[in-house]
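Q: Give the three-dimensional model of this entry:
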Amino acid sequence: MKNQQRGISLIGLLFVGGVLACAFIIGAQVAPTLIEFQAITKAATKAKDGSTVPEVRAIFDKAAQIDDINSITGKDLVVTKEGDKTVVAFAYTREIHLFGPAYLLLKYDGRSK
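A: Numbers count the residues shown, from 1 in each chain. Next comes the predicted model:
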């Protein structure tokens with residue numbers, strides 16, 4: 001009786017390693033944008049405590065300087081009232097260059113909590 005071999009071949013190992021390396025590289029480029037999105041959400045939540053639209057934008061700009069937010073500014077915020085609460089909403093996109101003419105487009109939108 002012959003024993004059948006088990007395991008992965010060298011070509012299979014190289015293929016799996018290449019896929020994992022590509023996934024890691026893309027993940028390493030996406031992670032900072034997710035961290036910045038969380039910082040923007042935190043700054044928008046902090047900014048909703050302002051009583052006027054210019055004050056809300058000024059509070060957001062101060063928080064953006066502290067957290068090093070470069071994707072949006074206070075001018076890009078949409079400030080509305082829902083009942084007696086101030087709601088700060090935002091939306092922006094980020095492009096990540098992958099290779100050649102290929103880009104990964106990330107669309108973020110959110111609002112204060």
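
Q: all contacts plus neighbour counts: C-alpha atoms, from now on.
A: OK.

Q: List the pairing partners of the helix or strand encompassing L104 within its sheet, with orientation.
A: Assessed by DSSP states H and E, L104 sits inside strand 102-111. Sheet pairing for strand 102-111, assigned by DSSP bridges, gives strand 85-99 (antiparallel).

Q: isn't there a helix covering S71?
A: No. Counting by DSSP: H, G, I helix; E, B strand; the rest coil, S71 is not found in a helix; it is coil.

Q: does it really touch F90, like I thought?
A: No. If you go by CA atoms under 8 Å, S71 and F90 don't touch, sitting 10.7 Å apart.

Q: By average pLDDT, which secondary structure element in the chain comes out worst?
A: strand 78-82 (a mean of 90; mean pLDDT, DSSP states H and E).

Q: Report all helices and strands that that strand contacts.
A: Under the contact criterion of 3 or more CA pairs under 8 Å, 6 or more residues apart in numbering; DSSP states H and E, strand 78-82 touches strand 85-99.

Q: Now stretch 74-88: buried residues?
A: Neighbour-count burial for stretch 74-88 flags 74, 77, 79, 86-88 (criterion: 16 or more other CA atoms under 10 Å).

Q: Okay, now that stretch: how far is its last residue from its first?
A: 10 Å (CA to CA, to the nearest Å).

Q: SS state for I26?
A: Under three-state DSSP, I26 comes out as helix.

Q: Give me the neighbour count for it.
A: Number of residues near I26 (other CA atoms under 10 Å) recorded here: 15.

Q: can you pull the contacts of the residue nearest to T80 when sequence neighbours are not counted?
A: Closest residue to T80 apart from its sequence neighbours, by CA to CA, 6 or more residues apart in numbering: V87 at 5.3 Å. Applying CA atoms under 8 Å, 6 or more residues apart in numbering, we find V87 in contact with 48, 79-81, 111-113.
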